[in-house]
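J.: sequence-free structure coming up:
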Ligand SMILES: C[S@@+](CC[C@H](N)C(=O)[O-])C[C@H]1O[C@@H](n2cnc3c(N)ncnc32)[C@H](O)[C@@H]1O
């Protein structure tokens, strides 16, 4: 006999998902304002791009389709709770990175050196060069584990990985220009923080 998923479970899962999204974007914007001042922060710091909205809409679609066709797929609470843990861990790693880097952390990659920009190698940056990307990678995958979305778990991991595989070399090209040998030595010693990216 098929075990039906009561609507209250879907409500709880979707509430967690929406809660995670609102918290993530709200806190990104709030931290940007705290470090850079409201007049220097645009709505871009909410980090809501067209591609991102499409990805999240697809994940909701996958959830609703699977919920109506295979409700038992959504009924593994240990798996959803594991996703929630990933979301929390991703948030902690990312926000620790933002707070550690302070004014050196900008949502847009700096392509010109500014006086307030110091090379950060302390705190969480001692263990990985791109902790905020590592945190986002775990957070984004966690949102899909939370929804038990098999297709989007793989798709989110692949798309985010590809995105960072292009962004990191671009960002580091400028960091090497700004900080020269100091950054080159740091990059040799410390891993990126994204699986399979040096
Ligand atoms: C979105 S932040 C991401 C920072 C870092 N990649 C991370 O994942 O934590 C991008 C900005 O941070 C700056 N940045 C990256 N690593 C840095 C470091 N170790 N010290 C200072 N600034 C850094 C870059 O110059 C860029 O303007």
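T.: Okay, I see it. In this text, all values refer to a predicted model and were calculated from it rather than measured experimentally. Numbering: from 1, shown residues only.
J.: In space, what's closest to the residue nearest in space to the middle of the chain - neighbours in sequence excluded?
T.: Of all residues in the chain, the one closest to the mean position by Cα atoms, centre = their mean is residue 136, 1.6 Å from it. Computed as Cβ to Cβ, 6 or more residues apart in numbering, the closest residue to residue 136 that is not its neighbour in sequence is residue 94, at 5.7 Å. C-betas here are computed from N, CA, C, even on glycine.
J.: That neighbour contacts residue 137, doesn't it?
T.: No: with contacts counted by Cβ atoms under 8 Å, residue 94 stays clear of residue 137, the gap being 9.4 Å.
J.: Select the longest helix from this structure.
T.: Determined from DSSP state H, the single longest helix within the chain is helix 150-189.
J.: show me what contacts residue 122?
T.: Shown in contact with residue 122 (Cβ atoms under 8 Å, 6 or more residues apart in numbering): residue 100.
J.: Tell me the confidence at it?
T.: With respect to pLDDT, residue 122 scores 98.
J.: where does it fall, phi/psi-wise?
T.: Residue 122 adopts backbone torsions of phi -100, psi 180, taken as degrees, to the nearest 10.
J.: just use 3 as the starting number from now, easier for me
T.: Renumbered: residue one is now 3, and that last one reads residue 124.
J.: And the helices in this protein?
T.: Using DSSP H, helices in the chain cover 9-38, 52-71, 79-103, 133-148, 152-191.
J.: what pLDDT, on average, does stretch 138-151 get?
T.: If you average the pLDDT values across stretch 138-151, you get 98.
J.: so does it get close to the ligand?
T.: No: against the ligand, stretch 138-151 shows no contacts by Cβ under 6 Å from any ligand atom, the least distance being 8.0 Å.
J.: Can you give me the buried ones in that stretch?
T.: Within stretch 138-151, the residues scored as buried using 16 or more other Cβ atoms under 10 Å are 138-151.
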